[in-house]
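1. coords please:
(one chain, ligands or ions: 2)
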Amino acid sequence: MQPLYTVTQIRQIETESARRLSEGALMQRAGQASANAALDLLPFATSRASVLVLAGPGNNGGDALEAAAHLAHAGAQVAVVYFEGGSAPERARAVERAHASPARFVAEDAIAGVEWHLVIDGLFGIGLTRPITGPFAALVAALNALTCPILALDVPSGLDADTGCIVGPAGCAVRATHTLTFIGDKPGLHTCDGRDHAGTVNVAHLDIDAAHYPAATIHLNGVDGFAQAAVARPQNSHKGSYGIVSVLGGAPGMTGAPILAGRAALHAGAGRVFLCFAGPALQCDPGQPELMCRAAHGFDFATGVTVAGPGLGGSDEAAHLLEQAIASPQPLVVDADGLNLVAARSGLAARLRGRKAATLLTPHPLEAARLLATSIGAIQRDRLDSARRLAAALHAIVVLKGTGTVIAAPGGAIVINPTGNPALATAGTGDVLAGLCGALLAQGWPGWEAALGAVWLHGMAADVLVADGIGPVGLTAGELVPAIRTALNRLVARHGRRA
Ligand SMILES: NC(=O)C1=CN([C@@H]2O[C@H](COP(=O)(O)OP(=O)(O)OC[C@H]3O[C@@H](n4cnc5c(N)ncnc54)[C@H](O)[C@@H]3O)[C@@H](O)[C@H]2O)[C@@H](O)CC1
Ligand SMILES: [K+]
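-> Numbering: from 1, shown residues only. Ligands and ions are numbered 1, 2, ... in the order given. Have a look, this model is predicted:
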């Protein structure tokens, strides 16, 4: 999985490696890499391309000036909007180089009325310390109104590279189509506002020796993070080989959620799936008669994996049933109303903490806010830290949903998921994810790999459907289910080890 580094770590790598390099080498490499990336984005002969370069007051501006000089020497029509600022010698040399090149230095008002083919955003990088306001904000608004590609250097200006939030309050950020980020990839480019502002992310390592990189605790989710849990099915197997998933939910009037979770579990390979209704039990699911419908009262949750919460409601009876599911020695997924019950009843939280088998919690930001007794805003201001705190507090693997879903282990490991899209912003997709988690656990996947795999497959299924025109508008949660089955089968066919 691709490592992600915090700003503090990037600064350390930068300092350590710079000691062994000639002064300014990293900025020159960043400028060269930026120019190369820019050339790749130009639609036609370099000499016909109008490139606007914004060079801010810090070293991010220095990178942009280096790039401007390279592009101008390559023949592009380069206009630089330049801001006086930092006195770093490498930046001063970049200013000289850009002045000595054919690039034109222009005023901000020269942006309007020109058909730009590419904009390079070198206003601010990881040194942004406060919200972008005033004339800089007007510039960001002008950029965001353009229709040409925007290449952000290091970080889209205005975005917090650690959290993915627009630096606020009342700040703004460049909406880039591409980001070339330096030294190492950064978590903020992949979660919260990051995905909307960074566009396609590429990393320029600037030829820094691998020895300068610390062991990463944050990664971008990828198949190599969980594929080792996939097992090819032996011929000599039967439904008992693939586990049981019991979905605990379905308070009166809330039968849809457990049905979706159960259908997902079935299509993701669980050997048997029970729907356990807290309210009046359905006789069967006529659309999916393979699902076995039961009353939750008296059900033995210790027979398999439980997915507790879809449509469970908040009654005392629901809390009692959840307590029984938590007491099971088998893996457990808690979602939706199950999470709300844990938030509302401290006794349940204590029991959850005491579990020995794998426990996965799949909150959306509001459920996470309830669990941490805070607001959605506080959760979203630092999604990584929120997920990490929740995992530590409840001794569970936490899947904090939302764009760039964050998966956190109690030991502190964090993974951000890159698959998925706004098609998933519709009712029932969370139930499907919970059912998928349950199915992977039932087939013997360890908790961490099950969480990573489920989130990745769920997002990938949505990406494939959108590529086929089924979404992002109007995708239904039920449509995800067969697409997940296809994605999982492809994964098992490609990576499944022999049982
Ligand atoms: N130092 C190095 O060795 C390297 C740095 N690199 C580049 O340098 C960047 C970091 O450079 P800096 O630390 O100079 O930081 P930035 O260039 O991100 O910005 C810092 C400057 O902006 C000002 N500033 C911050 N927030 C502001 C706001 N809201 N409104 C107006 N001004 C504001 C600061 O006073 C400072 O002058 C990286 O993102 C990367 O692009 C690369 O060249 C690679 C090597
Ligand atoms: K930038």
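2. spatially central residue in the protein, please.
-> residue 404 (1.8 Å; CA atoms, centre = their mean).
3. looks to me like that one is in a strand.
-> No - counting by DSSP: H, G, I helix; E, B strand; the rest coil, residue 404 is not part of a strand but coil.
4. give me the distance between it and residue 272.
-> Residue 404 sits at a distance of 34 Å from residue 272 (criterion: CB to CB, to the nearest Å). To be clear about C-beta, it is placed using only N, CA and C from the backbone, and glycine gets the same treatment.
5. equivalent analysis for residue 27, please.
-> For residue 27 relative to residue 272 (CB to CB), the value is 61 Å.
6. thought the residue nearest to the centre of the chain was touching residue 165?
-> No - under the criterion of CB atoms under 8 Å, residue 404 is not in contact with residue 165, lying 11.4 Å apart.
7. tell me the secondary structure at the closest residue in space to residue 97 that isn't next to it in sequence.
-> Leaving aside its sequence neighbours, residue 97 sits nearest to residue 69 (CB to CB, 6 or more residues apart in numbering; 4.4 Å). Following three-state DSSP, the label given to residue 69 is helix.
8. list the contacts for residue 69?
-> If a contact means CB atoms under 8 Å, 6 or more residues apart in numbering, then residue 69 has 31, 94, 97, 98, 100, 101, 103 as its contacts.
9. okay, now the first one: neighbour count?
-> Other residues lying near residue 31 total 27 when counted by other CB atoms under 10 Å.
10. can you list the domains in the chain?
-> 2-213, 223-498 (automatic domain parsing).
11. would you reformat these as JSON lines and include mean pLDDT?
-> Shown next, in JSON lines, are the domains of the chain (pLDDT from 0 to 100):
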{"stretch": "domain 2-213", "mean pLDDT": "96"}
{"stretch": "domain 223-498", "mean pLDDT": "97"}
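12. elements contacting the helix or strand that residue 245 is a member of?
-> Assigned by DSSP states H and E, residue 245 belongs to strand 244-249. Applying 3 or more CB pairs under 8 Å, 6 or more residues apart in numbering; DSSP states H and E, we find strand 244-249 packed against helix 256-267, strand 272-277, strand 305-308, helix 316-327, helix 336-344, helix 429-442.
13. so where do the helices sit in the stretch 51-200 of the chain?
-> 59-73, 89-100, 134-144, 194-198 (DSSP state H, counting those that start in this stretch).
14. pick the most buried one from those helices.
-> helix 59-73 (a mean of 28; mean count of other CB atoms under 10 Å).
15. gap between that helix and the chain center?
-> From the chain centre to the centre of helix 59-73 is a distance of 31 Å (CA atoms, centre = their mean, to the nearest Å).
16. stretch 379-388 now?
-> Using CA atoms, centre = their mean, the offset of stretch 379-388 from its chain centre is 12 Å.
17. what's the answer for stretch 349-361, then?
-> Worked out by CA atoms, centre = their mean, stretch 349-361 lies 24 Å from the chain centre.
18. okay, buried residues for that stretch please.
-> For stretch 349-361, the neighbour count (16 or more other CB atoms under 10 Å) marks 349, 352, 355, 358, 359, 360, 361 as buried.
19. neighbour-wise, which of residue 27 and residue 272 wins?
-> Taking neighbours as other CB under 10 Å, residue 27 and residue 272 compare with residue 27 leading, 24 against 19.
20. I'd assumed residue 92 was in contact with the more buried one.
-> No - at 10.7 Å, residue 27 does not count as touching residue 92 under the criterion of CB under 8 Å.
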